[in-house]
Structures are given as C-alpha cells and as structure tokens.
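Undergrad: Next come a sequence and a model predicted from it.
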Amino acid sequence: MHWAEVEANELGEDPLIATGEAPSGPIHLGHIRELLTGEAIAREADGELILIVDSIDPLRKLYPFLDDSYNEYIGRPLSEVPCICGEHDNYAEHFMEPFLESLEKMGVDLNLIYAHEMYAEGEYAKATRIVIKKKDEVAEIISSKTGRELKDDWFPYNPICSECGKLGNSVVNGFEDPYVLYTCECGYQGKADIRTDDGKLPWRCDWAARWWILSIDCEPFGKDHAASGGSWDTGKEIIKKIFDREPPHPVIYEWIQLKGEGPMSSSSGVVVKTEDLLNMVSPEVARFLIMRPKPNTHIDFDPGFGLLDMVDEYDKYEEEYFEGQDKDMKKIYELSQIDEVPKRKPLRIPYRHLVNLVQIYDDYEKMWKVVTEGEQVGSQGEAYFERMKQRAKSVEYWLENFAPDMVKFSIKEELPDVDLSDKEIEFLKEYRDSIDDGKWTSEQLHQLVHENADAVNLNKGKAFRVFYKILLGQNKGPRLGRFLSQLEKDFVKERLEDAIKV
Ligand SMILES: [Zn+2]
C-alpha cells in the first residue's frame, strides 16, 4: 500500500489535515514536502487540507537579503513588517505569494489561514485563557519534556508592545482577564487584550492550541519538531492535559537535500527554488519527487544529471500505469497527477533526447517533424505537439541554469576547420555510401560506424571522434547514433560531402 493510503487509514471521516509555513524569507523547494505530503493524505482520506501561515511570528534578524532599513522591524510580527517589493500587504504575503503560485501549479487544493488574522478575530481567546489559567501545569509539561527549567517570570503569552511594536521583549506583570499586563524592554507599561492580536501564545502552546481550536486530525511536520524534547513532545502533552483532546495523527517527514550539499536551508544558502523546479519539469514530475519516497526517507535532489534520471523514472511509472500491474507504482503515478489520469498513454519524448534536440533546432515545428518521423500520431497530434513543446522549454531552462557543461554543444553551421587523415576521409566516404541502405535510426547509424571503421581498419574511438569534429568542432559530443538520427539526413550527407572534399 502507498504511504498516503496507510496514513489515511489512520484517520476518521472528513479529516482536517494541517500544514504550516513560517514566511521569514524566500520559501525554497524543501517546503513543498510538507504541503504535498498533507495533500496526498487529504486526497486518500477525502479530507480537507489547510495551510497555516505563522504571520504573527516576529522577524528574527536582519537576513542577508534585507537592507539596513529592516533593522527597526526586528522583533515585530511579520504581518506588521513592510513588504520588500512594495506590492504586497506585508512581508509575510510577499514571500507566500510565489510559494502559493507554485502550489497552485502543482494542483494543491488548500485553505489558507494567516495566524495573525486568527488572533485578530479572537479565535485564540478561549485557548489563551485556558493556557494562562493552567500556566503552572503547562510550565511543568514544558520543563519535564525539555529538561530545562523555565524562568520564574515565564508566562505563556507574549504581548506585542503597543509602543515599540515588538514581540517577546516584555515581562508579564499579571493577568486581569482579558488583559495581560506587561512591562516592555523599551520601558512602556501596557496591557494586551487576549481576544485580539495584541500578542500570541509561545510556539509550543500555540501549536497545541491550534490543534484544539481548529480540530485538526492529522499534521505532517519536519523531523526537527519530532526530536526528543521538541515541540511535538510538549504539544501532545499540552493538548491532552490542558485541552483534554487527543493530538492529531503525526506524519514525520525527512528533509530534501541538495545532492552533495546537505539539507536545503535558506540560511545556509543551499537552495533550489520551487519556481526553478517547475521551470525544469512538469508539475506532475515535481509531485512525483514527493509522492514516490516514503516521508521518513530523505530525498536527494540533484538538479544536474539527476534531473534527467528523475524524469526518466516518472516516464517509467507512467508506462507501468498504462501497461503494467504494479499497484504501488500506479498509485504513485495517480498521486502525481494534477487532475485525472490521462485517458490514453501520452506520447513521451525522453528528456535525454530533448537535450540534444533543443540544441540542434531552434524551431519546434522542425523538431516535431524529426520526433514524429515514421510515427502515427493521429488525432492526438496537436496535444502531443504541445506536450513536446512544454518539455522542450523545460529542458532549455535546465540547460541554461543547471545542466553540467559537458552536455552542452552547438552545431557548427559550416564545416569547422579540421585536419582529417586519409584514413578518416576514407571512412567518411564509406559511411556516406552506406547510409542510404538502411533506416535513419540511432541503432542503424551507430552500427554503421562500427562496420565502416572495420572496413577501412580505423580505430573505433577515432571513427566516433571524426563526427564530433566535423559537426561540432570538438572531440566529444552526445551519444553518436541517437545524435545523428536527430539531425536531418540531408544536412548530415552535405556535411560528409564537405568533409570529404577538404
Ligand atoms: Zn516596547
């Protein structure tokens, strides 16, 4: 059974599945795992997916991508910090927008909740009152689970100073329901109304309160929260003992690592943007990255050659879906789709072929002619053409931004200035004379290199190399048989003639 089905079986009817996001900076690819894990479970369990944005959390420091003007906003809720580009209502929305757009492209259907709005609308009031009244019990849970003593003046509510706007810089002096009385570091003495966004619960209490307020049944979260003494350990005790409710069903996931660089993290700069992934592969393949492995296994993402392997794998699962029997593979393919599974097996042009094709042709119509040579595309022609074009565009983006240099080449329009030995010229003549005999296929064209090299007694390595010399002006190139078959026959013949004449 697929992992999403296993998790869904743990849940009751119409479950509510929650995910969270703290938009303190650009949201990288690593974050799609939480959302897509939750979404897969929601699909399998017929549940609802929500995304709670921690928009009332403070700006913690001057990140490298911020200018000095943001110094004065450190400590203020993200919803109160100005947007960087000026086009969004606030800092949180600025970073959420591209992430939400990517999720939409991947077909993720969710309800978005901003935490600062929940507070502003009083949704936390009841939970906050309970936590404050049971403050000693809460403190006992936190210190016993984390093994650290809380300070004597610890209080389970962080007021936002109404003078300096900062969160977490004040000492609480008392609680006069519904007001928390505080003295801020800036010297201001004030009171925060727990029925509003005058302040918030500390994270460990906030998380548990949220489960209770929204009746959350399931939540995927990163393994950092699941560490011993982490917020999951305290959260599940708080919800049981303070709110008298069972914790949601947890789904703990591992990180997405950038191959050879460790876990993706904005602060270490080890990052691929979600937008980049979606520029390189279809949204279905992006989903496949998450749907295939179990959540508790880490994902090694390699935007170089690994990207080609990933698309090849997806194509293999697609083949299995239409032609094979493997139930798990079929389920993974289904969960990778945005809507319904296509009715017929789509025509696929492997990425590895397109890597050559987009470097040979700058015209999609011509590319299409080469690709469909000898194929029956029938009435699906138009749709297939569009699909090829989409893939070609993705491959172009990959070549420009992430591909290793060794796959890049350009066809020389004229015969490059090359020195060929008599034997090499003899070989090319034989080759020219033989290509009309068979089909214009990669196997045939490859085979002919061997046969003709044997015929004139030319070293095989040299025989392959001579093609790269006359076509690309270099000693290396893509796998020759396929490469030649992707070129137009007349062009190859003409280039052979030119080389032989020299
Ligand atoms: Zn203050």
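TA: Yep, that arrived.
Undergrad: What's the first helix or strand after the helix or strand of the chain with the lowest mean pLDDT?
TA: Between all helices and strands in the chain, the lowest mean by mean pLDDT, DSSP states H and E belongs to strand 262-263, at a mean of 77. Sequence order places helix 274-280 as the next helix or strand after strand 262-263, per DSSP states H and E.
Undergrad: so what strands line up beside the least confident helix or strand of the chain?
TA: Here strand 262-263 has these sheet partners by DSSP bridges: strand 256-258 (antiparallel).
Undergrad: any idea of the mean pLDDT in the strand it pairs with?
TA: Average pLDDT, strand 256-258: 89.
Undergrad: How far away from the center of its chain is it?
TA: Distance, stretch centre to chain centre, for strand 256-258: 10 Å (Cα atoms, centre = their mean, to the nearest Å).
Undergrad: Mind splitting the protein into its structural domains?
TA: 3-124+203-257, 346-392, 422-501 (automatic domain parsing).
Undergrad: what's the span of the last one from first residue to last?
TA: Across its full length, domain 422-501 reaches 11 Å end to end, with Cα to Cα, to the nearest Å as the criterion.
Undergrad: Quick one: closest of the domains of the chain to the ion.
TA: Closest to the ion of the domains of the chain is domain 3-124+203-257 (Cβ to the ion; 8.9 Å). (C-beta placed from N, C-alpha, C; glycine too.)
Undergrad: mind checking the end-to-end distance for that closest one?
TA: With Cα to Cα as the measure, the first residue of domain 3-124+203-257 is 20 Å from its last.
Undergrad: That one and the ion, any residue contact?
TA: No. Using Cβ under 5 Å from the ion, we find that domain 3-124+203-257 stays clear of the ion, coming within 8.9 Å at best.
Undergrad: In stretch 335-353, which residues are buried?
TA: Going by neighbour count (16 or more other Cβ atoms under 10 Å), the buried part of stretch 335-353 is 335, 336, 337, 347, 348, 349, 351, 352, 353.
Undergrad: and the gap between the third one and residue 282?
TA: The one in question is residue 337. Separation of residue 337 from residue 282 (Cβ to Cβ, to the nearest Å) stands at 10 Å.
Undergrad: For the host helix or strand of residue 461, name the packing helices and strands.
TA: Using DSSP H and E, residue 461 sits in helix 460-472. For helix 460-472, the contact count by 3 or more Cβ pairs under 8 Å, 6 or more residues apart in numbering; DSSP states H and E identifies helix 422-434, helix 442-456, helix 480-486, helix 489-501 as packing neighbours.
Undergrad: The longest helix along the chain: how far from the chain's middle?
TA: In terms of residue count, the longest helix belonging to the chain (DSSP state H) is helix 381-401. In terms of Cα atoms, centre = their mean, the centre of helix 381-401 is found 19 Å from the chain centre.
Undergrad: Stretch 113-132 too?
TA: Relative to its chain's centre, stretch 113-132 lies at 31 Å (Cα atoms, centre = their mean).
Undergrad: Next up, identify which helix or strand residue 18 is on.
TA: Per DSSP H and E: strand 16-21 holds residue 18.
Undergrad: after that strand comes which helix or strand?
TA: Counting by DSSP H and E, what follows strand 16-21 is helix 32-45.
Undergrad: Would you mind putting the buried residues of stretch 335-353 into CSV with pLDDT and distance to the ion alongside?
TA: What follows is these, written out as CSV (pLDDT from 0 to 100; distance: Cβ to the ion, whole Å):
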residue, pLDDT, distance to the ion
335, 98, 49
336, 98, 50
337, 98, 51
347, 82, 64
348, 86, 61
349, 90, 61
351, 95, 56
352, 93, 60
353, 93, 63
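Undergrad: Can you pick out the ones from those residues that are in helices?
TA: Those of the buried residues of stretch 335-353 lying in helices (DSSP H): 335, 336, 351, 352, 353.
Undergrad: What residue in the protein is the furthest from its centre?
TA: residue 422 (53.8 Å; Cα atoms, centre = their mean).
Undergrad: how close does residue 363 sit to residue 14?
TA: As for residue 363, its distance to residue 14 is 52 Å (criterion: Cβ to Cβ).
Undergrad: For stretch 127-137, output the C-alpha coordinates as PDB.
TA: C-alpha atoms of stretch 127-137 as PDB (Å, rounded to 0.1, in the frame of the first residue of the first chain):
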ATOM      1  CA  ALA A 127      -7.500  28.700  24.300                       C
ATOM      2  CA  THR A 128      -5.200  31.500  25.500                       C
ATOM      3  CA  ARG A 129      -7.400  31.900  28.600                       C
ATOM      4  CA  ILE A 130      -7.100  28.200  29.300                       C
ATOM      5  CA  VAL A 131      -3.400  28.200  28.900                       C
ATOM      6  CA  ILE A 132      -2.900  31.200  31.200                       C
ATOM      7  CA  LYS A 133      -5.200  29.700  33.900                       C
ATOM      8  CA  LYS A 134      -3.300  26.400  33.800                       C
ATOM      9  CA  LYS A 135       0.100  28.200  33.500                       C
ATOM     10  CA  ASP A 136       1.800  26.100  36.200                       C
ATOM     11  CA  GLU A 137       0.700  22.800  34.600                       C
END
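Undergrad: contacting residues around the closest residue to residue 28 other than its chain neighbours?
TA: What sits nearest to residue 28 in space, not counting adjacent residues and going by Cβ to Cβ, 6 or more residues apart in numbering, is residue 271, at 4.3 Å. Under the criterion of Cβ atoms under 8 Å, 6 or more residues apart in numbering, the neighbours of residue 271 are 26, 28, 29, 258, 264, 265.
Undergrad: In a helix, residue 155, correct?
TA: No. Secondary structure of residue 155 (DSSP: H, G, I helix; E, B strand; the rest coil): coil, not part of a helix.
Undergrad: quick one on the thing from earlier: and the residue farthest from the centre of the chain, what's its pLDDT?
TA: Confidence score, pLDDT, at residue 422: 95.
Undergrad: what mean pLDDT does the strand holding residue 18 have?
TA: Strand 16-21 comes out at a mean pLDDT of 98.
Undergrad: tilt between it and helix 32-45?
TA: In terms of direction (axes from the mean of the first three to the mean of the last three Cα atoms, to 10 degrees), strand 16-21 departs from helix 32-45 by 170 degrees.
Undergrad: Please report phi then psi for residue 51.
TA: phi -120, psi 120 (degrees, to the nearest 10).
Undergrad: Nice, that's everything, thank you.
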